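1. Here's a sequence, model it:
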Amino acid sequence: MVGGFSPTSNIGHDYAPSTGAVLADDWYVSPGFPIPAGGTLDSVRQFFSGFSVPADDDTIGIFLLTGSQNPANASSVTLLQDFRGDLYQADATYRRLDPIPLPATQETAYIAIRYRNAQVSSRWLTVRFDNVGISALTTSVTPPTSEMITSVFPNPCMDEINIQHSSEAGAIVLRDYLGRAIHDADIIQGQRQTTLSVKNFAAGLYVITIEQNGRISSKVVMKK
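-> Residues are numbered from 1 along each chain as shown. Just a heads-up that it's a prediction; the model follows:
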């Protein structure tokens, strides 16, 4: 889609005017990531437009899944944010969601966005989400941070992805949607940007994870 907060693309869903369709119930689910000591969902930007607001039989929400990328098979499905209330402001403006704590789990975790519109041909609910960031704790006393990765571009990408980050020595790992490490690179002390080649990888969603000084920060990226 176009019209992202940064740079031009986003995760989005729209209504289906005059199609006669009744129900849309769709999930976007991120690649898997580890949070054995917990973490936070941070930096999410949400954008809503249209002439309607979610009704009681609709769902616009962000969830945490564990154990499976398929919500039907997940060992737990936890609602992190429900947008059916005051947070749904249909004024076509990107707003930043407050950071949300993520509970510790020994299973692979996934961030999921659910769009359920019970009157999809007549109830105008247009939603977009962008800049989804995940900060993981390595110990129960290490504070989460979203400042380790300051920018990822272009996103979506085709041949390479540039990661701007803090200047501490560390490592970058690129993981596929199953959470498997498929590419890595070292961060040299003082280095503030790392470029990864992704041209040989299949189109889809990936997670970039940075570890520096015992801290972990992650960003979801899309390969076209």
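2. Who are the contact partners of residue 119?
-> The contact partners of residue 119, taken as Cβ atoms under 8 Å, 6 or more residues apart in numbering, are 22, 55. Every C-beta, even on glycine, is put in place using the N, C-alpha and C of the backbone.
3. residues contacting residue 195?
-> Going by Cβ under 8 Å, 6+ apart, residue 195 touches 160-163.
4. ok, now how distant is it from residue 158?
-> 13 Å (Cβ to Cβ, to the nearest Å).
5. Likewise for residue 170?
-> Distance from residue 170 to residue 158, by Cβ to Cβ: 26 Å.
6. So which of these two has more stuff around it?
-> More neighbours surround residue 170 than the other of residue 170 and residue 158, with 23 against 11 (other Cβ atoms under 10 Å).
7. Excluding covalently adjacent residues, which one is nearest to that one?
-> residue 212 (3.4 Å; Cβ to Cβ, 6 or more residues apart in numbering).
8. cool, and residue 39?
-> Using Cβ to Cβ, 6+ apart and skipping the chain neighbours, the partner closest in space to residue 39 is residue 136 (3.9 Å).
9. Was I right to think the one you found contacts residue 41?
-> No: checked against Cβ atoms under 8 Å, the pair residue 136 and residue 41 is beyond contact range at 10.5 Å.
10. check contacts around the spatially closest residue to residue 53 that is not a sequence neighbour.
-> Distances taken as Cβ to Cβ, 6+ apart place residue 88 nearest to residue 53, at 5.4 Å, with adjacent residues excluded. For residue 88, the contact set (Cβ under 8 Å, 6+ apart) comprises 48, 53-54, 60.
11. any idea how far residue 47 is from residue 88?
-> Taking Cβ to Cβ as the measure, residue 88 and residue 47 are separated by 11 Å.
12. Residue 60 too?
-> From residue 60 to residue 47 the distance is 12 Å (Cβ to Cβ).
13. coming back round to it: so who does the residue nearest to residue 39 touch?
-> Contacts of residue 136 (Cβ under 8 Å, 6+ apart): 33-35, 37-39, 102, 144, 209, 216-218.
14. hmm, which two among those residues are most spread apart?
-> Taking Cβ to Cβ, the two most distant members of those are 38 and 209; they sit 15.5 Å apart.
15. Look at the two and report which has more neighbours.
-> residue 209 (22 against 17).
16. In terms of helices and strands, where is that one?
-> Applying DSSP states H and E as the criterion places residue 209 in strand 204-212.
17. what's the average pLDDT for that strand?
-> Per-residue pLDDT values over strand 204-212 give a mean of 82.
18. How about that strand, which residues are buried there?
-> 205-212 (16 or more other Cβ atoms under 10 Å).
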